[in-house]
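> after the sequence you'll find the predicted model.
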Amino acid sequence: MSERIQKALTNHDKNYNCCQSVACAYHDLVGVDEETIFKAGEAFGLGMGCMDGTCGAVAGAVLLAGFKNSSANLAQPDSKASTYKLSAAILNAFKEKNGATCCRELKGIDTGTPLRSCPGCIEDAAAIAEKILDLK
């Protein structure tokens, strides 16, 4: 396990939500201060606040993709397509590993059978972000 993945897990132990846990562990590698990325990730925890949305850990990895890849060209947005490809790759890799990307499904709320714990999701999303986004 990389030092950054361990940091993401430690962040969760400090009561960061799953999105914040992943995003904050890599903030410096995508050129964002930790407070800003912490704020940006706050609404994405708990499956976007209701467990019905995308897993927060995956959302954190996708948030990193935007910060890393965006050209930030406000006048002529030109990096969306390549960022969308990174986002899709992250979601697909996570779903392949865990069988779902929805928080509710991952937690087994309706079935009583969890697919993955929050720390497990954080570990997986961070490892996927490292690989797909080349975060080192």
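That came through fine.
> what about L9, how many residues close to it?
19 (other C-beta atoms under 10 Å). C-beta coordinates here come from the backbone N, C-alpha and C atoms, glycine included.
> thought C118 was touching it, still the case?
No: between L9 and C118 there is no contact under C-beta atoms under 8 Å: 9.8 Å.
> quickly list what's touching both of those two.
Counting by C-beta atoms under 8 Å, 6 or more residues apart in numbering, L9 and C118 have no shared contacts at all.
> list the helices and strands the lowest-mean-pLDDT helix or strand in the chain packs on?
None of the helices or strands of the chain scores lower by mean pLDDT, DSSP states H and E than helix 45-49, at a mean of 92. In terms of contacts (3 or more C-beta pairs under 8 Å, 6 or more residues apart in numbering; DSSP states H and E), helix 45-49 is packed against helix 18-25, helix 56-69, helix 103-107.
> out of the ones you listed, which gets nearest to A89?
helix 56-69 (8.6 Å; C-beta to C-beta).
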